[in-house]
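Enquirer: Just the structure for this:
(one chain, ligands or ions: 1)
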Amino acid sequence: MQEIIFSEDPCRDLATTVAGNDCDRLFILTDEHTYLLCRPLLNGCAALDGARDITIGASDANKTLDTLSAVWSALGEGGATRHSRMICLGGGMVTDLGGFAAATFKRGISFINIPTTLLSMVDAAVGGKTGINFNGLKNEIGAFRESDTVIVSTQFLRTLDHENLRSGYAEMLKHALLSDTETWAEHLRFDLDAPDYRRLQGMVAESIGVKRRIVAKDPHEKGLRKALNLGHTAGHALESLALEENRPVLHGYAVAWGLVCELYLSCLLQGFPAEKMRQTVNFVRRYYGVFDFSCKHYDRLYDFMLHDKKNTAGSINFTLLADIGDIRLNCHAGRKDIDAMFDFLREG
Ligand code: GLY
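Expert: Presented below is the predicted three-dimensional model:
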């Protein structure tokens with residue numbers, strides 16, 4: 001199972017991790033932002049002496065076959081062998097693309113993830129989903145391959161901007177909804193305007209624990225892992241619409257709005273308690289605002305959901321809840337209920 005290290009000192013923990021593994025060459029993958037902002041934090045790290053840097057363009061627009069090919073080339077030119085290792089230092093784009101490059105180069109080299117955003121700490125860097133976008137579809141090509149180790153550094157938590165903190169927190173809220181009422185209530189009490197970082201650190205560890213327990217039972221998403229798609233069927237449609245209209249939103253914002261949608265469906269179709277839905281919706285509205293769209297967008301949103309890769313046999317698959325922690329997989333909703341769900345998101 002993937003080792004997770006919660007680290008006050010990533011240099012020290014990286015040194016221990018690297019020393020415990022025979023590897024002939026080390027590579028450090030960053031994007032142009034994490035190269036400037038995060039790579040210097042590892043500068044004094046003797047374990048990285050002689051390591052080669054590979055730097056790619058930042059943002060989802062670079063999560064492409066061309067970038068992947070450039071990483072493979074850089075590994076080849078740098079003399080990487082099957083006994084080499086890659087450190088992926090960045091957000092979800094770097095850990096997804098880097099993980100896929102490592103999973104495929106010479107049929108797989110080992111890699112370490114050092115996530116630098118809250119979103120990648122609690123989601124992307126953990127659990128082994130790697131990949132790239134292809135033909136306009138997000139994460140269309142990829143592989144399940146876990147990094148050996150994830151080093152979660154609290155140093156990066158404190159430097160996160162307001163929007164990226166909220167974006168990652170939406171995945172934590174999702175994990176809380178999949179857990180129990182006490183964890184969910186704790187997440188709703190958290191003040192995202194004035195984050196208590198010490199408390200957040202503990203919550204991040206618990207949140208990663210929720211994901212790991214689910215992934216351990218179903219690493220290849222045959223059943224239970226679909227629970228982690230809560231909020232994502234509607235969320236991905238909203239994210240895709242925003243992208244198509246050149247007004248992209250951060251993934252976690254779309255997930256937060258997707259949670260509102262899917263809690264509404266949970267209430268309507270699975271008897272999820274209305275008061276708990278209301279409290280969650282109020283939290284999302286307070287910190288994530290509203291997504292600007294009208295009923296003219298419903299057909300397009302429906303179309304995006306129909307083409308979601310999580311579907312089977314042409315029907316839209318939702319993960320819903322009968323209560324907090326009471327998970328219902330492979331749920332379906334009719335077009336009328338889906339329209340009502342979008343009405344609810346717009347009007348509350
Ligand atoms: N991001 C959901 C999963 O890893 O399954």
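
Enquirer: longest single strand anywhere in this structure?
Expert: What stands out as the longest strand in the chain, according to DSSP state E, is strand 137-144.

Enquirer: what's the neighbour count on the closest residue to Phe105 other than its chain neighbours?
Expert: Using Cβ to Cβ, 6 or more residues apart in numbering and skipping the chain neighbours, the partner closest in space to Phe105 is Leu75 (5.3 Å). All C-beta atoms are positioned from the backbone trio N, CA, C, and that covers glycine. Leu75: 23 surrounding residues under other Cβ atoms under 10 Å.

Enquirer: which parts of the longest strand of the chain are buried?
Expert: Buried residues in strand 137-144, counted by 16 or more other Cβ atoms under 10 Å: 138-139, 142, 144.

Enquirer: Can I get those in TSV including pLDDT and distance to Lys310?
Expert: Output for the buried residues of strand 137-144, formatted as TSV (pLDDT from 0 to 100; distance: Cβ to Cβ, whole Å):
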residue	pLDDT	distance to Lys310
Lys138	83	12
Asn139	89	11
Gly142	96	14
Phe144	97	15
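
Enquirer: Show me what from the stretch 1-150 of the chain comes close to the ligand.
Expert: 123, 127, 129 (Cβ under 6 Å from any ligand atom).

Enquirer: Contacts only, for Phe27.
Expert: 51-54, 74-75, 78, 80, 84-87 (Cβ atoms under 8 Å, 6 or more residues apart in numbering).

Enquirer: hang on, isn't Gly50 packed against Leu26?
Expert: Yes. Using Cβ atoms under 8 Å, Gly50 is in contact with Leu26, at 7.2 Å.

Enquirer: quick one, which of the two is more surrounded?
Expert: A count of neighbours by other Cβ under 10 Å puts Leu26 above the other of Gly50 and Leu26, at 20 against 7.

Enquirer: Give the other helices and strands that the first helix or strand past the longest strand of the chain going along the chain contacts.
Expert: Downstream of strand 137-144, the first helix or strand assigned by DSSP states H and E is strand 149-153. On a contact count with 3 or more Cβ pairs under 8 Å, 6 or more residues apart in numbering; DSSP states H and E, strand 149-153 meets strand 3-7, helix 10-19, strand 110-115, helix 197-217.

Enquirer: ok, 7 Å please
Expert: Packing partners of strand 149-153 (3 or more Cβ pairs under 7 Å, 6 or more residues apart in numbering; DSSP states H and E): strand 3-7, helix 10-19, strand 110-115.

Enquirer: Quick one: residues in contact with that strand.
Expert: Residues from elsewhere that reach strand 149-153, judged by Cβ atoms under 7 Å, 6 or more residues apart in numbering: 2-7, 10, 13-14, 17, 112-115, 121, 125-126, 204.

Enquirer: Could you pull out the buried residues of the helix or strand following it?
Expert: Next helix or strand after strand 149-153 toward the C-terminus (DSSP H and E): helix 154-157. Judged by neighbour count (16+ other Cβ under 10 Å), helix 154-157 contains these buried residues: 154, 156-157.
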